[in-house]
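> build the 3D model from these lines:
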Amino acid sequence: MEPSHAPSQPYRLRCTLTFGDIYGQILIWMLVIFVSLAAGLALMGASKPLFALVGVGLILVLSLPFLLFAFTTTLLNHIALEPANRQS
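You can find the predicted model right below:
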């Protein structure tokens, strides 16, 4: 005996993300970049160019995963499945 299946209802994927949702994240990451560059320039002036380059690179490399995680979770929180309206 075959199981009876009701016809599945179609859904529509809708993204409700706006620029205002990620604006704060962008500002914070820009602040991190500028602070790391300022620290790098300060170390360059202190005749430690290797420490300056390593410091800036380390800050950027370590902050990038957090930025990607924040963007990804924000995007996933703004994806909605809505029932598609059938017109028959």
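> check the burial of L58 by counting its neighbours.
Residue neighbour count, defined by other CB atoms under 10 Å, stands at 11 for L58. The C-beta positions use only the backbone N, C-alpha and C, and glycine is treated the same way.
> and if you look at A52?
A52: 20 neighbours (other CB under 10 Å).
> quick check, it in contact with G40.
Yes: using CB atoms under 8 Å, A52 makes contact with G40 at a distance of 4.2 Å.
> show the subsequent helix or strand relative to the longest helix along the chain.
Counting by DSSP state H, the longest helix found in the chain is helix 49-77. Sequence-wise, the next helix or strand downstream of helix 49-77 (DSSP states H and E) is strand 79-83.
> direction included, what does that next one pair against?
strand 11-15 (antiparallel) (DSSP bridges).
> could you point out which element follows the partner strand?
helix 19-45.
> quick one: list the elements packing against that next one.
Applying 3 or more CB pairs under 8 Å, 6 or more residues apart in numbering; DSSP states H and E, we find helix 19-45 packed against helix 49-77.
> next, the buried residues of the helix it packs on.
Of all the residues in helix 49-77, those buried under the rule 16 or more other CB atoms under 10 Å are 52, 55-56, 59, 70-71.
> how distant is that helix from the center of its chain?
In terms of CA atoms, centre = their mean, to the nearest Å, the centre of helix 49-77 is found 11 Å from the chain centre.
> quick one, it and strand 11-15 angle?
Computed by axes from the mean of the first three to the mean of the last three CA atoms, to 10 degrees, the angle separating helix 49-77 from strand 11-15 equals 140 degrees.
> and E82, what are its bridge partners?
Beta-bridge partners for E82, by DSSP bridges, are R12.
> burial of it, as a residue count?
So E82, with other CB under 10 Å, has 9 neighbours.
> residue contacts, it?
By CB atoms under 8 Å, 6 or more residues apart in numbering, the residues touching E82 are 11-12, 14.
> ok so, going back, same list, the buried residues of helix 49-77, but as CSV with pLDDT and distance to M44 please.
Output for those, formatted as CSV (pLDDT from 0 to 100; distance: CB to CB, whole Å):
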residue, pLDDT, distance to M44
A52, 81, 5
G55, 81, 10
V56, 83, 10
I59, 83, 15
A70, 87, 30
F71, 87, 31
